[in-house]
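Visitor: Quick one, structure for this:
(4 chains)
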Protein chains: 4
Amino acid sequence: MAEEFVHELRVRYGECDPQGIVFNANYLLYCDVAFTELWREAVGPWQDMVSRGYDAVVARAELDFRAPARNDEVLSLPARVVRLGSTAITTEIDVMRGAELLVAMRARHVCVATETWEKTDVPAFVREGLGRFLVDETQTA
Amino acid sequence: MAEEFVHELRVRYGECDPQGIVFNANYLLYCDVAFTELWREAVGPWQDMVSRGYDAVVARAELDFRAPARNDEVLSLPARVVRLGSTAITTEIDVMRGAELLVAMRARHVCVATETWEKTDVPAFVREGLGRFLVDETQTA
Amino acid sequence: MAEEFVHELRVRYGECDPQGIVFNANYLLYCDVAFTELWREAVGPWQDMVSRGYDAVVARAELDFRAPARNDEVLSLPARVVRLGSTAITTEIDVMRGAELLVAMRARHVCVATETWEKTDVPAFVREGLGRFLVDETQTA
Amino acid sequence: MAEEFVHELRVRYGECDPQGIVFNANYLLYCDVAFTELWREAVGPWQDMVSRGYDAVVARAELDFRAPARNDEVLSLPARVVRLGSTAITTEIDVMRGAELLVAMRARHVCVATETWEKTDVPAFVREGLGRFLVDETQTA
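Guide: This is a model prediction of the structure:
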């Protein structure tokens, strides 16, 4: 049974566009923030991993925009790991306003060695930490 | 035979992250810029369409990150329409450094009426303009 | 005796530049966030004021950069009103890491009527709310 | 007699806020872009200087907001050096829409050695290059 993780943030005025809604690229920024916080909870501060010689880079991102978020709204971003491959980590992060799903995001990160910047196996301490937030993907449809 | 459209831009320092590369969310910003310029070439300034009672919102975006762009690099962003549905427009926008594909993006916009903010048919003047940049999707693999 | 107000925020990765520090323009974004939160505490949500026919626009900003903030750091931003003129509001907002002053900012906002977008007197409910956070400027050197 | 330098840019949709105008922090981003282009013209690509062991950091910025820029407008940003001190460089950059001054910015950069990150004298090749764009400050009021 996966642990639940939710990050909360408040929409900033400068993140909204002339339509009065969050500019689409900023959801990818939110995604990065929520992923960082999930990582902190699961593994520790991102920089600790980098100090140990590992980093992770985004290989793919998908965003489905259902409804807009507006200035000053407090949003909740539940995040879960849906696949822990040998070198890749797939997460799903939703942007919710209360019970309403605004944007559904899915990102695949690839683990790299900071020395060579080459793809490398997800190290055990990362795998163990993220494993607590791994959901059976067949349940997440 | 589709017309070709390419937008060029230079990476700004403030768009790069501590890894020295363009922060991932900023590619979605680049995508929006290139889409706006494609629109200008195909249909006219975005605001003209809004004045006529139509707008378009992003419904879905996909980004494949192959290699990073760096500060101060001049990038070219070829953009093409790959599907012109009744209410939706799908475009593919690449981020290239010379002949190297760095990021492949695909976005689906939906046409809305500015009065009701409801989905509406792509108006004829938009369809006609974008049609010049419509490629047969089976050729775009 | 002025009430104290401090807003806290964590530096986001995407706000940092290739030097690994917060990109200079983002301090002005932080300034806007802290000002909005000061306003919430003093007057209420910004949008409430707009609904009552008033808005405020930045007329001048000054930033002194003493030391850089880094990724993932939690910063505190004490904010205070240093002048409450007839139509203008001057605030000072510091960016602190613990006891260390990183950036000192000063902003002057001007009150406008949303209908005409013309300069107007700071309304009583704003003046009263902000007054609680007004320090005697001669003490703030 | 100083050479003239003007950088042009088009306002991006994502840089505008719910008031439909450029978000205030983005003028500081524009300032950085124009400064980088002035540098390219005067000295060469920024990175060349860094390769030679020098960098420059912003120590102070002032912005006077007179009128807003709007989405899709093409702005011109004349930039000039107003003071070339031993370790500091002061520039003035305006944001113009045609002949109308929208925002007047003034920035002071300090030269640092990349090895120690300590303040250092502006090197001769920078001084020489920027000197061509140095105006007598008494004329710039």
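Visitor: okay, CA-based contacts and neighbour counts for the rest of this
Guide: Noted.
Visitor: other SSEs contacting the longest strand seen in chain A?
Guide: Counting residues, the longest strand found in chain A (DSSP state E) is strand A:100-113. Secondary-structure packing of strand A:100-113 (3 or more C-alpha pairs under 8 Å, 6 or more residues apart in numbering or on different chains; DSSP states H and E): strand A:54-65, strand A:88-97.
Visitor: My read is that residue A:65 contacts residue B:62, right?
Guide: No. In this structure residue A:65 lies outside contact range of residue B:62 using C-alpha atoms under 8 Å: 11.4 Å.
Visitor: top helix in chain A by residue count?
Guide: Across chain A, the helix with the greatest residue count (assigned by DSSP state H) is helix A:25-42.
Visitor: Does the helix or strand following that helix reach chain B?
Guide: As assigned by DSSP states H and E, the chain's next helix or strand after helix A:25-42 is helix A:46-51. No. Shown here: helix A:46-51 not in contact with chain B (C-alpha under 8 Å from any C-alpha of the partner chain), separated by at least 11.3 Å.
Visitor: got it, and stretch A:33-44?
Guide: No. Residues of stretch A:33-44 contacting chain B under C-alpha under 8 Å from any C-alpha: none, with a closest distance of 11.0 Å.
Visitor: Check which residues of that stretch are buried.
Guide: Buried residues in stretch A:33-44, counted by 16 or more other C-alpha atoms under 10 Å in any protein chain shown: A:33-39, A:42-44.
Visitor: Give me the residues contacting that stretch.
Guide: By C-alpha atoms under 8 Å, 6 or more residues apart in numbering or on different chains, the surrounding residues in contact with stretch A:33-44 are A:5-7, A:45-46, A:77, A:79, A:93, A:125-126, A:129-130, A:132-133, C:12-13.
Visitor: Where does confidence bottom out across these?
Guide: Among the contacts of stretch A:33-44, residue A:46 carries the weakest pLDDT, at 93.
Visitor: how many neighbours does that one have?
Guide: Neighbourhood size, residue A:46 [other C-alpha atoms under 10 Å in any protein chain shown]: 17.
Visitor: Show me the contact partners of the one helix or strand in chain A whose mean pLDDT sits lowest.
Guide: Least confident helix or strand of chain A, by mean pLDDT, DSSP states H and E, is helix A:46-51 with a mean of 93. With C-alpha under 8 Å, 6+ apart as the test, helix A:46-51 has contacts from A:36, A:39-40, A:55, A:114.
Visitor: if we go to 7 Å?
Guide: Residues outside helix A:46-51 that contact it (C-alpha atoms under 7 Å, 6 or more residues apart in numbering or on different chains) are A:36, A:39-40, A:55.
Visitor: quick one: the longest strand of chain A to strand A:54-65, angle?
Guide: Put simply, strand A:100-113 runs at 160 degrees to strand A:54-65, going by axes from the mean of the first three to the mean of the last three C-alpha atoms, to 10 degrees.
Visitor: what's the angle between strand A:100-113 and strand A:88-97?
Guide: Calculated by the same axes, to 10 degrees, strand A:100-113 forms an angle of 160 degrees with strand A:88-97.
Visitor: buried set for the next helix or strand after strand A:100-113?
Guide: Following strand A:100-113 in sequence order, the next helix or strand is helix A:124-131 (DSSP H and E). By 16+ other C-alpha under 10 Å, the buried positions in helix A:124-131 come out as A:126-127, A:129-131.
Visitor: I am finished for the moment; much appreciated.
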